[in-house]
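**Student:** Fold the following for me, if possible:
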Amino acid sequence: MNRLIVTTLIDNNIYDKRTVGEFGFSLIIEYKNKNKIMFDVGYSNLFLTNAKKLGVDLNTITEFVLSHRHKSHTGGVPHLLRLLKAENQFIIDKNYFEPFLRNSVGSLVKSQIDYADTIKQHLKRYPTYYVTNEYRYSESIVFITLKDELEQSKSLNKQNVREAIVMIIESKKGIFLFFGASYRKFPELLEYLYKKYSDKEKWIFGGVVLSENDSEWNFLKNQIEINNIQQIELSHCTENSTFKKLKEIFPNTYFSGSGKILEFKDLD
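**Tutor:** Model prediction:
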C-alpha cells in the first residue's frame with residue numbers, strides 16, 4: 001500500500017496517555033511497506049516502553065537514523081542495540097564522532113569525547129553509512145546535512161559547528177521532511193525545499209529553534225507562504241513561545257507528542 005505512517009515514539013509532550021514522555025525524540029516512519037525507519041532513539045530506554053504500548057515491533061526496523069549526537073536523540077542507542085540484528089543499516093553524519101563542545105581555552109570537553117566513543121563502539125557491529133552533503137539513499141529517500149555555526153560564548157569556541165541530518169521522503173503526492181533539531185536553520189531549510197521542490201506540497205516534522213529577530217521571522221513567513229506547506233508537526237526542543245508564534249503565521253502548526261500517529265494515504 002502506498003502510504004506513510006509517522007509514529008512519535010518519544011517526545012517531551014505526551015499525546016497518547018498510555019505512553020510516557022521524556023526530554024528526547026524518536027520517530028518510527030513506515031513507507032510503502034519497504035522502509036520502516038527509526039529516526040533517533042530518545043534519551044533513555046523509555047522508547048521500549050512506548051513501543052510495547054503502541055504495538056511497534058522494533059525487530060522489524062530496516063534503517064536507523066541518528067540525526068545528531070545530542071543525548072536526547074541518541075541516549076537510547078545502547079538499549080536499542082541489545083535487541084537488534086547486525087544487518088540493520090545505520091545512517092549518521094560523517095562528522096558525527098567529532099565532538100564539538102570546547103571549554104574556554106578551546107580544548108575538547110572530555111565528557112563529549114567519552115560519549116561519542118561509547119556510541120562508536122556500539123556501532124562497530126552494524127553497517128553504517130556516513131552522510132556527506134546530499135545523499136540519495138533510495139529512489140524515494142534523500143538525506144542532507146545541516147550545519148549551524150554556534151555563537152561564541154565563555155564555554156563554546158566560535159569555530160564550533162553543529163551538524164545534523166535531515167531526511168526527505170519524496171512522493172508524487174508531496175514531500176515529507178524530518179529532522180531532529182533544526183537549530184537556527186529552519187528558514188534556510190524551507191528555502192532549500194522551495195528551490196528543489198517548488199511545485200510539491202510539503203509536510204514538516206521536527207524540533208525548531210528560532211531567534212526573536214524580526215527579519216528572520218519575516219523571511220520564515222515568506223518561505224512558508226511560497227512553499228505550499230500542508231502541516232508542521234513540532235516536537236522536542238521547540239519552545240512554547242516558538243510554537244505560538246509559528247501557529248500565528250501558519251495555523252496548521254501542531255505539537256506532536258509521545259504516541260501520536262499520523263497516516264498519509266494514496267501517495268502515488
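
**Student:** What segments of this structure are helices?
**Tutor:** Along the chain, the segments classed as helices by DSSP state H run 46-54, 71-74, 77-81, 110-123, 186-197, 214-226, 240-249.

**Student:** can you list contacts of stretch 118-136?
**Tutor:** The set of residues that contact stretch 118-136 without belonging to it, under Cβ atoms under 8 Å, 6 or more residues apart in numbering, is 66, 69, 74, 77-78, 81, 84, 86-94, 96-97, 137, 142-145, 165. Backbone N, C-alpha and C define where each C-beta goes, glycine included.

**Student:** Would you write a ChimeraX line that selects the buried entries of these?
**Tutor:** What follows is the ChimeraX syntax for the buried subset of the contacts of stretch 118-136, where burial is set by 16 or more other Cβ atoms under 10 Å:
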select :66,69,74,77,81,84,88,90,91,92,93,96,97,137,142,143,144,145,165
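
**Student:** Can you give me the neighbour number for Ser198?
**Tutor:** Ser198 is surrounded by 10 other residues when neighbours are defined as other Cβ atoms under 10 Å.

**Student:** Tell me how far the nearest residue to Gly207 once chain neighbours are set aside lies from Arg184.
**Tutor:** Ranked by Cβ to Cβ, 6 or more residues apart in numbering and with sequence neighbours excluded, the top spatial neighbour of Gly207 is Cys237, at 3.9 Å. Look at Cys237 and Arg184: by Cβ to Cβ, to the nearest Å, they are 12 Å apart.

**Student:** Next one: the nearest residue to Leu81 once chain neighbours are set aside relative to Ala164, how far apart?
**Tutor:** The shortest distance from Leu81 to any residue that is not its chain neighbour, by Cβ to Cβ, 6+ apart, is 5.1 Å, and that residue is His122. In this view, His122 and Ala164 are 20 Å apart by Cβ to Cβ.

**Student:** likewise Ile249?
**Tutor:** Ile249 sits 23 Å away from Ala164, going by Cβ to Cβ.

**Student:** more crowded one of these two?
**Tutor:** When Ile249 and Ala164 are compared for neighbours, Ala164 comes out ahead with 26 against 14, by other Cβ under 10 Å.

**Student:** With mean pLDDT and distance to Asp11 added, can I get the helices of the chain in CSV?
**Tutor:** Compiled in CSV, these are given as follows (pLDDT from 0 to 100; distance: least, Cβ to Cβ, whole Å):
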stretch, mean pLDDT, distance to Asp11
helix 46-54, 95, 10
helix 71-74, 87, 10
helix 77-81, 84, 17
helix 110-123, 69, 21
helix 186-197, 92, 18
helix 214-226, 91, 22
helix 240-249, 93, 13
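
**Student:** Thr8 is nearest to which of those helices?
**Tutor:** Nearest to Thr8 among these is helix 46-54 (8.8 Å), distances taken as Cβ to Cβ.

**Student:** Dump that closest one to CSV, restricted to CA.
**Tutor:** What follows is helix 46-54, C-alpha atoms only, in CSV (Å, rounded to 0.1, in the frame of the first residue of the first chain):
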residue,chain,number,x,y,z
LEU,A,46,11.7,4.6,27.6
PHE,A,47,11.2,4.2,23.9
LEU,A,48,11.0,0.4,24.7
THR,A,49,8.0,1.1,27.0
ASN,A,50,6.2,3.2,24.3
ALA,A,51,7.0,0.7,21.6
LYS,A,52,5.3,-2.1,23.6
LYS,A,53,2.3,0.1,24.4
LEU,A,54,1.8,1.1,20.8
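
**Student:** How far away from the center of its chain is that helix?
**Tutor:** Centroid separation between helix 46-54 and its chain, computed with Cα atoms, centre = their mean, to the nearest Å, is 19 Å.
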